[in-house]
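K.L.:
Predicted coordinates and the sequence they were generated for:
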Amino acid sequence: KVDGVRHLLPADVRRILIFTGSLGDQPVLELRISSDRDLSDSYDLLDRILKRRIERIEGVSKVELRGVDPREVRILLQADRLAAHKVNIEELQRRLKQSNFAVSAGHITDSGLRFAVRPSGEFSSIDEIANLVINDSGLRLRDVAEVALRSPERNYGRHLDGEYAIGVSISKATGANMVEVTDRIMKEIRLIGELPQMQGIIIFDLDNQGDSVRKSLRDLLNAGLIGALLAIVVLYLFLRQLSTTLIVTAAVPFSLTITLGVMYFAGLTLNILSMMGLMLAVGMLVDNAVVITESIFRYRSQSPDEPEKATIDGVREVGLAVVAGTATTIIVFLPIMFGVKTNMTVFLGHVALTIIVALIASLLIAQTLVPMLAARLAVPPSASGGALMRKLTSRYERSLRWVLGHPKSTFGGILLICAIGVLPLIPALNLVKFDTFPQDVGRRLFMPYHIEGQHPLEQVEAAVNEIEGYLFANKEEFNIRSVYSYYDKGEASSTLLLTDDDEATLSTTEVIERIEENLPQLAIGAPSFQFDQQGGGEGFSLQLSGDSTSRLNELSVDVVRLLSRIEGLVDIRSDAQNGEREVQVTIDRIRAATLGLTSQSVATSIAAAMRGQDLREIRDDSGEIKVRLAFRPSDKQTVEQLGLLPIFTPEGQRISLDTVANFHLSRSPETIRRM
């Protein structure tokens, strides 16, 4: 499909990347590296000492360094010198490409041996590039450009506690155990931190999925054990027989063991969702065993000399009812297993599968193991109960007689109860709030800046510094432990890590209120906790589709205005507001043709000057180094400088861009989406 549209793409598109992924591809460990020294040129150090060592760990599939890049050879052209020496940019590009090549020229045979012929004209050093002769008069590249090994231009940045930070994202291999992999990584990181080369560099564990899973599993396990113990106590209080309670309780471990076995062969892991399913199933596992045990002992008491026959009769009497009851519970979860697959159903599928398997296992145990044990135990004496039980039984009998004697009143009462239960579910009444996730707020806050439009990176960073300065000035009051920020030309956000609950003096909600009281106002955005906050309020999005982008932008303004009138909706924004301001260059084809130029050749010169162009890499002892040709930043800052860009005609005549082009300012969409 890509090859089918390649001819429609710009000529300088060299590589097309297609990404496919799943929820399992998310990083399992997010690290941040900061230091009081400059880390912008530390890629080689971090790549050698940190990245490569972590990649060798068993179970690690990918390690990404963000915020630091390998240095590249930058050929920064000087516009005034190009004009003075009448250097054609297109001709310079061709000469650079022709001077750095490697081709295969076939094979030769000599003395019975076969040799490959490989002409090579590759650059091996920066000096060779700088000394390249670029015209017939002996002019060298260094005479019209600065050639040096530099760090690439940054278009984004990260801060950790006010210092520039580098991000490290680590993903695990498919099938690897998350907890084991993160433990091995953290052990290696502690060893790396002790190296002399890493002195003064802080490695901060921002998000460790292994610790989160371990804590969640531990909490779920404790809750499940307490719940199972309470269930046994409740059973004993009602059954009043230790032997009966033990028989019923035996269904729980056997059912869970069968469930874990099925999960293993199905390729499922013991995660938060499957543990939740097991915990929910614990309370339902004893239902079948209670019903069958009670039926068996009732028949055993009637026929004490025929335990086997009494057991069979007891199971037969309630067997169909038990199967029907289990099936009605299971069928509720089947749509999740076999319905339309969405992110939510994929998550809930783990819960549903464990509950279904556990219930089926409990049904099998209740009809096999429980009857076998009940048939071999002596019939327990009838529980005498107590005064409380006799009182409850007496009241229940009187209530039952009244219900049977007043069918119309009973039916009317049932209808009233159903109506009361349905009323909160009517959306128009707004009695019950509907959310995807609960509104609990943890000790981690996410604060987007809601940057409007595109701005120079320095301006966005200054806004981030202002907010961070306010937060750090009140660090103790706000219970802030650490602040991590990310920013680029059109987006910024800060993640606030608060002190733990046992050390906190304010609740999370109180921290939000205190911060928002005197939060600085920004000219380029509006920081708040009202959007994408972890555990915060839910939101929704609307998409407008049509043939005209300009018309869609106009309609989006109307939609925002109408939605703003609806009570309960806050922070309503349109993507059209985030478009980048651009200078549209319209080439006069007639004037260009008069001078022997084409629109394509003029556009190529503009792209080379403004955006730059990647050339063939050079090789040295450390490996491949990128080479990039571009104008100096100081030569492409204003529209006036753009208009003075030198363009050369086929006859060698030098003209400025404004001779064959017109300029006007507009706003472009941030992204283009097709439906």
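P.N.:
That came in fine, so what should we check first?

K.L.:
Helices of the stretch 51-200 of the chain, start to end?
P.N.:
Under the criterion DSSP state H, counting those that start in this stretch, the stretch 51-200 of the chain carries helices at the ranges 52-55, 79-84, 89-98, 126-130, 178-193.

K.L.:
go on, the stretch 201-350 of the chain?
P.N.:
209-239, 242-249, 251-265, 272-302, 307-338, 343-367.

K.L.:
nearest to residue 614, of the ones you listed?
P.N.:
helix 209-239 (35.7 Å; CB to CB). Where you see a C-beta, it was placed from the backbone N, CA and C, and this is true even at glycine.

K.L.:
Now do the closest one against helix 251-265, angle only.
P.N.:
150 degrees (axes from the mean of the first three to the mean of the last three CA atoms, to 10 degrees).

K.L.:
mind checking how far helix 209-239 is from the chain centre?
P.N.:
30 Å (CA atoms, centre = their mean, to the nearest Å).

K.L.:
and the angle from that helix to helix 242-249?
P.N.:
Helix 209-239 and helix 242-249 are oriented at 140 degrees to each other (the same axes, to 10 degrees).

K.L.:
re the thing from before, tabulate the helices of the stretch 51-200 of the chain in a markdown table, adding columns for mean neighbour count.
P.N.:
Shown next, in a markdown table, are the helices of the stretch 51-200 of the chain (neighbours: other CB atoms under 10 Å):
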| stretch | mean neighbour count |
| --- | --- |
| helix 52-55 | 15 |
| helix 79-84 | 15 |
| helix 89-98 | 15 |
| helix 126-130 | 17 |
| helix 178-193 | 17 |
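
K.L.:
Switch these over to JSON lines; also include distance to residue 594.
P.N.:
Conversion of the helices of the stretch 51-200 of the chain to JSON lines gives the following (distance: least, CB to CB, whole Å):
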{"stretch": "helix 52-55", "distance to residue 594": "58"}
{"stretch": "helix 79-84", "distance to residue 594": "22"}
{"stretch": "helix 89-98", "distance to residue 594": "19"}
{"stretch": "helix 126-130", "distance to residue 594": "37"}
{"stretch": "helix 178-193", "distance to residue 594": "64"}
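
K.L.:
okay, those helices in a markdown table with distance to residue 456 and mean pLDDT next?
P.N.:
Converted to a markdown table, those look like this (distance: least, CB to CB, whole Å; pLDDT from 0 to 100):
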| stretch | distance to residue 456 | mean pLDDT |
| --- | --- | --- |
| helix 52-55 | 34 | 91 |
| helix 79-84 | 21 | 81 |
| helix 89-98 | 26 | 83 |
| helix 126-130 | 30 | 87 |
| helix 178-193 | 35 | 90 |
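
K.L.:
And the residue in the chain sticking out farthest from the centre, how close does it get to residue 296?
P.N.:
In the chain, the greatest distance from the average C-alpha position (CA atoms, centre = their mean) is reached by residue 305, at 66.1 Å. From residue 305 across to residue 296, the span is 15 Å (CB to CB, to the nearest Å).

K.L.:
just residue 147 next, same as before
P.N.:
From residue 147 across to residue 296, the span is 91 Å (CB to CB).

K.L.:
Show me where the stretch 51-200 of the chain dips below the pLDDT cut-off.
P.N.:
By pLDDT under 70, the stretch 51-200 of the chain has no low-scoring segment.

K.L.:
Which stretches in the stretch 1-150 of the chain count as strands?
P.N.:
Assigned by DSSP state E, counting those that start in this stretch, the stretch 1-150 of the chain shows strands spanning 29-35, 60-66, 72-77, 107-110, 113-116, 145-150.

K.L.:
which stretch among those strands comes nearest residue 608?
P.N.:
The closest of the strands of the stretch 1-150 of the chain to residue 608 is strand 72-77. By CB to CB, the value is 8.7 Å.
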